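Student: Below is the sequence, then the predicted model.
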Amino acid sequence: MEKTPGAGVGDNGFDQSHSSAAYDPVPVLAEGEDEGGGRRAGRFWSARRIPAALVALVVLAASGLLLYDVAAVRADRPAMRWRRGLAHWLARHTVDDVVVLVGASVAVALGLWLVVLAVTPGLRDVLPMRRPSASVRAGLDRSAAALVLRDRAMEVPGVQSVRVRTGRAKVAVRAVSHFRELDDVRADLDAALGAAIKELGLAGQPGLSVRVGRAARKR
């Protein structure tokens, strides 16, 4: 997120005068608790409805077609043309053929993709919040957290523009100051953003890195 009142600052809008600081996150808490003494809030799991629906449709169509063909053969009817053609094609091609190897590689890649989807939570853009009760579970979108922190940073005197990148483990802030000493601006940003991160109510508070500089002089 970025908010720049007045003239904009380019990507290379920092001169050689800058300072940075790191904010230490909250210490590790006891097993099963968050900093409010409630239950530990894990990450949100994605429902992944589209991959699940696609896999279900493919499996349903393939199973239905194969079951119909097996039932037809059991009823003394000839097997479907596609199954006879597939059997003849497999009889002519060995395991070390390029086409067979490519097909096997694609199947393995798809299988690994499905396994990864099954064992990973997803929803990386949602930060879990503290759980004061077992019946309450809330999350905060990263962009919303970045917006709150950006607005809080813009309230610090001397800040002209701010960029905030919110991650699961770290919040990176890059600010441009048009007056005041850089160390003073950075110290005020450390205090303001440190308090703002705590007020977000996140289950695992990320670290804070603040970098302050001057806008590049126009030639």
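Tutor: Cool, got the structure. Numbers count the residues shown, from 1 in each chain.

Student: would residue 104 count as being in a helix?
Tutor: Yes. Checked against DSSP: H, G, I helix; E, B strand; the rest coil, residue 104 lies within a helix.

Student: average model confidence for the one helix or strand residue 108 maps to?
Tutor: Using DSSP states H and E, residue 108 sits within helix 98-119. For helix 98-119, mean pLDDT rounds to 88.

Student: Which SSE is immediately downstream of that helix?
Tutor: strand 126-128.

Student: Contacts for the helix or strand following that next one, please.
Tutor: Per DSSP H and E, the first helix or strand lying C-terminal to strand 126-128 is strand 139-141. With Cβ atoms under 8 Å, 6 or more residues apart in numbering as the contact definition, strand 139-141 has outside contacts at 44, 123, 125, 126, 127, 128, 129, 200, 201, 202. The way it works is simple: take the backbone N, C-alpha and C, and place the C-beta from them, glycine included.

Student: Kindly report the same for stretch 194-202.
Tutor: Contacts for stretch 194-202 (Cβ under 8 Å, 6+ apart): 23, 127-130, 138, 140, 145, 148-149, 152, 171, 205-206, 208.

Student: again, only using 6 Å
Tutor: Applying Cβ atoms under 6 Å, 6 or more residues apart in numbering, the contact partners of stretch 194-202 are 23, 127, 129, 130, 145, 149, 152, 205.

Student: Over to residue 166: give its phi and psi.
Tutor: For residue 166, the backbone dihedrals (degrees, to the nearest 10) come out as phi -100, psi 120.
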